[in-house]
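Engineer: Generate coordinates for the sequence data below:
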Amino acid sequence: MTPKIKQLAEKAHLHVFINPDGSLPPELAKFAELIVQACADIADNTPSVLIGKTTGDLIKEHFGVHAMNYRVLEHDAEHNIVYLEDISGPTERTITNDAETVMMKMFQKFGSQVLVVYRDTNNEWWEMRLLLSGPYNQYEKIEFEPWYGLAWRTLKRK
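Structural biologist: Numbers count the residues shown, from 1 in each chain. So this is what the prediction gives:
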């Protein structure tokens, strides 16, 4: 058992199953090995150009762990706008309900100046942006505004 797997077993409160010598019983060690192999298989067999999903998203989906249910429709590099589509089901978290996570993922992927626009489950288009405040521009909340298109946004600023 690797130290990392032992650390994860302890984090999952499986320390009662850890043998006095620090090893896992063979069944749990094999289980951990199979999970790692399944993750490696997903990573090895995932096209690097898959749009809207990371390898981490695919691994979470494979094991039934919560994953965001949206896809990237387009990234307008000229205007630095990313367009998303919410594809969540009735019992799943939507983009609106998990806006902070979505914004952070988009910032990681497209940079902190990207404008996030999405079509929600009601087929309405929305713009999301961070509201910063204070002397250090600290995150306060996410604001939502209906999205009427780039021309409307440009005219609204004038």
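
Engineer: Can you show me the strands along this structure?
Structural biologist: 70-76, 81-86, 115-119, 125-133, 138-146 (DSSP state E).

Engineer: average pLDDT for the shortest one?
Structural biologist: To tie it back to what came earlier, the one meant is strand 115-119. The predicted model assigns strand 115-119 a mean pLDDT of 96.

Engineer: Need the contact partners of it.
Structural biologist: Contacts to strand 115-119, defined as CB atoms under 8 Å, 6 or more residues apart in numbering, come from residues 70, 73, 79-86, 95, 102-103, 106, 125-129, 147. C-betas here are computed from N, CA, C, even on glycine.

Engineer: Mind listing the strands that strand pairs with, and their directions?
Structural biologist: Strand pairing for strand 115-119, determined by DSSP bridges: strand 81-86 (parallel), strand 125-133 (antiparallel).

Engineer: Rebuild those strands as JSON lines, extending it with distance to residue 44, mean neighbour count and mean pLDDT.
Structural biologist: Converted to JSON lines, those look like this (distance: least, CB to CB, whole Å; neighbours: other CB atoms under 10 Å; pLDDT from 0 to 100):
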{"stretch": "strand 81-86", "distance to residue 44": "27", "mean neighbour count": "20", "mean pLDDT": "96"}
{"stretch": "strand 125-133", "distance to residue 44": "34", "mean neighbour count": "14", "mean pLDDT": "87"}
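
Engineer: Export these to JSON lines and append columns for distance to residue 24.
Structural biologist: Shown next, in JSON lines, are those (distance: least, CB to CB, whole Å):
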{"stretch": "strand 81-86", "distance to residue 24": "40"}
{"stretch": "strand 125-133", "distance to residue 24": "43"}
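
Engineer: Identify whichever of the ones you listed lies nearest to residue 111.
Structural biologist: For these, proximity to residue 111 was assessed by CB to CB; strand 81-86 is nearest, at 9.9 Å.

Engineer: which residues touch the closest one?
Structural biologist: Residues outside strand 81-86 that contact it (CB under 8 Å, 6+ apart): 52, 69-76, 94-96, 102, 106, 109-110, 114-121, 150.

Engineer: how far does it sit from the chain's center?
Structural biologist: The chain centre lies 13 Å from the centre of strand 81-86; the measure is CA atoms, centre = their mean, to the nearest Å.

Engineer: and if you look at stretch 109-125?
Structural biologist: 13 Å.

Engineer: for that stretch, which positions count as buried?
Structural biologist: Under the neighbour-count criterion of 16 or more other CB atoms under 10 Å, stretch 109-125 has 110, 114-121 buried.
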